[in-house]
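Q: below are the sequence and a predicted model; questions follow.
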Protein chains: 2
Amino acid sequence: MKASRPTIADVARAAGVSKGLVSFALNDRPGVSPESRARILAVADELGWSPSVRARSLSSNVSFAVGLVIARDPEIIADDSFFPSFISGVEQVLAPRGQSLVLSVVGDEHLEEATYRRLAAERRVDGVILTDLRSADSRVPLLREIGLRAISLGRTDVDASAIPAVTLDDAPAIHDAVRHLVGLGHTRIAHVAGPDRLLHAARRKASFLHAIASSNLATPTVIETDFSAADGARATAELLDRAKRPTAIVYANDAMAIAGLGVARRAGLDVPRDLSIVGFDDSAIGRYIEPALTTVATDARGWGFTAADALLRLVEGEEVADIELPPAQLVVRASTATAPSEPTADRRHR
Amino acid sequence: MKASRPTIADVARAAGVSKGLVSFALNDRPGVSPESRARILAVADELGWSPSVRARSLSSNVSFAVGLVIARDPEIIADDSFFPSFISGVEQVLAPRGQSLVLSVVGDEHLEEATYRRLAAERRVDGVILTDLRSADSRVPLLREIGLRAISLGRTDVDASAIPAVTLDDAPAIHDAVRHLVGLGHTRIAHVAGPDRLLHAARRKASFLHAIASSNLATPTVIETDFSAADGARATAELLDRAKRPTAIVYANDAMAIAGLGVARRAGLDVPRDLSIVGFDDSAIGRYIEPALTTVATDARGWGFTAADALLRLVEGEEVADIELPPAQLVVRASTATAPSEPTADRRHR
DNA sequence: GCTTGTCTCTAAACCGGTTTAGTCTTCGAG
DNA sequence: CTCGAAGACTAAACCGGTTTAGAGACAAGC
């Protein structure tokens, strides 16, 4: 009539063996006779024994959990469909392996370092997944200092060998997007980019600029944003206000593209007749708005899956090499069309 | 030159006292002279000591973590802006108190029970926050069975006293929305509801029906969905296909409202001239689309904050009573307007 | 002077596992 | 027949904290 759950000692007593042997048997380690092993497992099962992570963590110096620290304004996370999909991919790996995900959302980057330090000091997690890499990211030396293993989404520019990366190449899709627009006759194509300090945002921007250059177009306008719908709207308004406004805009995420579409419409423009719009993310909403959003699909779920799997392998001591996922794909829908003939350029404003 | 971090024993040795006394001093417990306490704290600080949650958890039988299990398809979470805001509110309470959030995204409800059981069996968390309550929710008896403390978002219909609830009343805002539409001359107002088995979705539907009834309108059409943008689009198409199509639609979330707007547009309708649309969530994107979405704002962040705070108090043994948050608020923007005069009802379809 | 009580502190048990050192059998090789 | 090695198993240490029982010092009360 024990109130609390059975411990390994209870199992040992019931099976008539020592604690140590039970531990061996339960962990599939050699040195246990087949009969004893079977009996121990049977008894453990009968008693409804299950291991206490607490005890196991303490003695084996392993947390059986991985961390994910997201340093973004919650509103921006909400606008972005990346994280939910990403996290579900991570879970898909963790759950069957008995691991947990410790999530921290820290709002601003100043609390970030403290959060990683706490995770490491308290030994809450065995490793972390690094997202939203920044240029000269201070987390790379920080993680080394506090001895926390990590996998990064995209390669860091600090010390590429320090942290294994799972990469997903945006460039081909962005080139395709620009080529697609150029093919439709667009020559003034602008880019509403993410924060320049975020490597992936910078990389998308660079890919964009490169694609424009290789199409022999003039240097385009690029406006930097914080990835929020609000900032996407502001950037769009700014672009449309220009004397020679762009006839196409490539956004760094769907939320901004959708907000931009709203702004364009309010400015009296028809999308895609007067303005073509390309998003990035392939969010569900983009498929249903009118016009349906031409966008770039990245496999966020697969990214989470792969990163989590790599991290667990890393934590278990395996050497993990960088992993390259299939590149992002351009999805052409209805928000892009033939460029307007020149005169149209003045139908703007009110 | 110790490689690993200092333990309480190191501090004790350095301060010339016993382990036990160090523990007392660090936990602000009586029975330590002021001088000893000061010295111990100074030494601990100097050595850079920080507690190991692992050890602390094992000996004190407390996990210092709370769980959140989300049983939804990841795509639906991505469409929904609730969880990111909610989680950031939760973090705001947890982080300063040294607690962690263990997140599980389980995709479908069948894995849910196993997840809770695992969380409890492994003693990963001290309590959980229950979201997306269902009618006759099996988690209520389950949590009792496995002895996991919990706070629920909204009151359960199983045994209201079993789990303290943090409630946020949608009804006034939904009544306001209906009144607002009725005031604009609408008489055929439909509702695109969430899954009926979700209590909050059912409650929103009930509020809607009640508001319609008290406005003396005929029983309206209600279509049930799974909350996804895709299903919102389907429901909208179905509504617009009816002989007597509604002139206004109240959606159970913004994602569906936005998808519905796209469908309406594709059907050749102008929003809000031919069809008024009301969302629910006050997502950022809704503010920027054209027309800007009339919607209902709920304080997801505050909900997370309050629920997490209540849960921690509960875990510490305090009696926690139900907490009622300020009700949701209708936000009128541009997607609602005067009802079209009757003939308009036939401009639909292609 | 002796008891009682309070304060400060130590030693040791404890939480529930893992791991190491070492004992006891058994069996094959020489 | 003896020795060595392998296999099965036990006892005990250990992880890093918390908590309890109790020791010693000292002051107050009778």
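A: Now that the structure is in, tell me what you want to look at. Here the structure is a predicted model, which means the values were calculated and not measured.

Q: next, count neighbours for A:E290.
A: When neighbours are defined as other Cβ atoms under 10 Å in any protein chain shown, A:E290 has 18 of them. Glycine gets a C-beta too; all of them are placed from N, C-alpha and C.

Q: contact partners for it?
A: Contact analysis of A:E290 by Cβ atoms under 8 Å, 6 or more residues apart in numbering or on different chains lists A:A334, B:L261, B:G262, B:V263, B:R265, B:R266.

Q: so the third one sits against A:G286, correct?
A: What it means is B:G262. No - shown here, B:G262 and A:G286 do not form a contact pair, counting by Cβ atoms under 8 Å, at 9.5 Å.

Q: more crowded one of the two?
A: Comparing B:G262 with A:G286 by other Cβ under 10 Å, the one with more neighbours is A:G286, at 30 against 24.

Q: mind telling me what element that one is part of?
A: helix A:284-288 (DSSP states H and E).

Q: quick check: mean pLDDT of the helix or strand following that helix?
A: Using DSSP H and E, the helix or strand that follows helix A:284-288 in sequence is strand A:295-297. Mean per-residue pLDDT for strand A:295-297: 97.

Q: so strand A:295-297, near chain B or not?
A: No - judged by Cβ under 8 Å from any Cβ of the partner chain, strand A:295-297 stays clear of chain B, getting no closer than 12.9 Å.

Q: strands of chain A, start to end?
A: Assigned by DSSP state E, the strands in chain A fall at A:65-70, A:100-105, A:127-130, A:149-153, A:165-168, A:189-193, A:222-224, A:248-251, A:276-278, A:295-297, A:323-325, A:329-331.

Q: may I have the fourth one as CSV, with CA atoms only?
A: Looking back up the chat, that one is strand A:149-153. Extracted in CSV, the C-alpha atoms of strand A:149-153 (Å, rounded to 0.1, in the frame of the first residue of the first chain):
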residue,chain,number,x,y,z
ARG,A,149,26.3,21.7,-26.8
ALA,A,150,24.3,23.1,-29.6
ILE,A,151,23.1,22.8,-33.2
SER,A,152,22.5,25.9,-35.2
LEU,A,153,19.9,26.6,-37.8
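
Q: for that strand, which strands pair with it and how are they oriented?
A: Strand A:149-153 pairs in its sheet with strand A:127-130 (parallel), strand A:165-168 (parallel), by DSSP bridges.

Q: using TSV, lay out those together with mean neighbour count.
A: Shown next, in TSV, are the strands paired with strand A:149-153 (neighbours: other Cβ atoms under 10 Å in any protein chain shown):
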stretch	mean neighbour count
strand A:127-130	24
strand A:165-168	22
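
Q: distance of A:Y116 relative to A:E122?
A: From A:Y116 over to A:E122 the distance is 11 Å, taken as Cβ to Cβ, to the nearest Å.

Q: the more surrounded of these two?
A: Neighbours were counted for A:Y116 and for A:E122 using other Cβ under 10 Å; A:Y116 has more, 25 against 19.

Q: and the more buried one, how far is that from DNA strand C?
A: As judged by Cβ to the nearest atom of the strand, to the nearest Å, A:Y116 and DNA strand C stand 26 Å apart.

Q: need the helix or strand of chain A with the lowest average pLDDT.
A: helix A:74-79 (a mean of 83; mean pLDDT, DSSP states H and E).

Q: pLDDT of the helix holding A:G286, averaged?
A: In this model, helix A:284-288 carries a mean pLDDT of 94.

Q: list the buried residues in it.
A: For helix A:284-288, burial by neighbour count (16 or more other Cβ atoms under 10 Å in any protein chain shown) applies to A:A284, A:I285, A:G286, A:R287, A:Y288.

Q: elements contacting that helix?
A: If you count contacts as 3 or more Cβ pairs under 8 Å, 6 or more residues apart in numbering or on different chains; DSSP states H and E, helix A:284-288 packs onto helix A:254-266, helix B:74-79, helix B:229-240, helix B:254-266.

Q: what does the stretch 51-200 of chain A have sitting close to DNA strand D?
A: Counting by Cβ under 7 Å from any atom of the strand, the residues of the stretch 51-200 of chain A close to DNA strand D are A:A55, A:L58, A:S59, A:N61.

Q: and the gap between the spatially closest residue to A:S88 that is not a sequence neighbour and A:S138?
A: Spatial nearest neighbour of A:S88, excluding adjacent residues (Cβ to Cβ, 6 or more residues apart in numbering or on different chains): B:P74 at 3.4 Å. Distance of B:P74 to A:S138, given as Cβ to Cβ: 31 Å.

Q: again with A:V22
A: Distance check for A:V22 against A:S138: by Cβ to Cβ, it reads 46 Å.

Q: rewinding a little: now render the strands paired with strand A:149-153 as a markdown table, adding mean pLDDT.
A: A markdown table is the format used below for the strands paired with strand A:149-153 (pLDDT from 0 to 100):
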| stretch | mean pLDDT |
| --- | --- |
| strand A:127-130 | 98 |
| strand A:165-168 | 97 |
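
Q: any chance of the ones you listed in TSV with distance to DNA strand C as columns?
A: Output for the strands paired with strand A:149-153, formatted as TSV (distance: least, Cβ to the nearest atom of the strand, whole Å):
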stretch	distance to DNA strand C
strand A:127-130	18
strand A:165-168	28
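
Q: distance to B:P272 for the ones you listed - can I get that in TSV?
A: Compiled in TSV, those are given as follows (distance: least, Cβ to Cβ, whole Å):
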stretch	distance to B:P272
strand A:127-130	44
strand A:165-168	40
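
Q: okay, domains of chain A per the record?
A: Taking automatic domain parsing as the domain assignment, the ranges for chain A are A:8-51, A:65-168+A:300-326, A:171-297+A:331-346.

Q: any chance of TSV for those, columns distance to B:V278?
A: Listed next are these as TSV, based on distance: least, Cβ to Cβ, whole Å:
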stretch	distance to B:V278
domain A:8-51	48
domain A:65-168+A:300-326	20
domain A:171-297+A:331-346	17
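
Q: of all those, which one is nearest B:P6?
A: Across these, the minimum distance to B:P6, taken as Cβ to Cβ, is reached by domain A:65-168+A:300-326, at 11.0 Å.

Q: what ranges do the helices span in chain A?
A: Applying DSSP state H to chain A gives helices spanning A:8-15, A:19-26, A:34-47, A:53-60, A:74-79, A:82-94, A:110-121, A:139-146, A:171-183, A:199-214, A:229-240, A:254-266, A:284-288, A:300-315.
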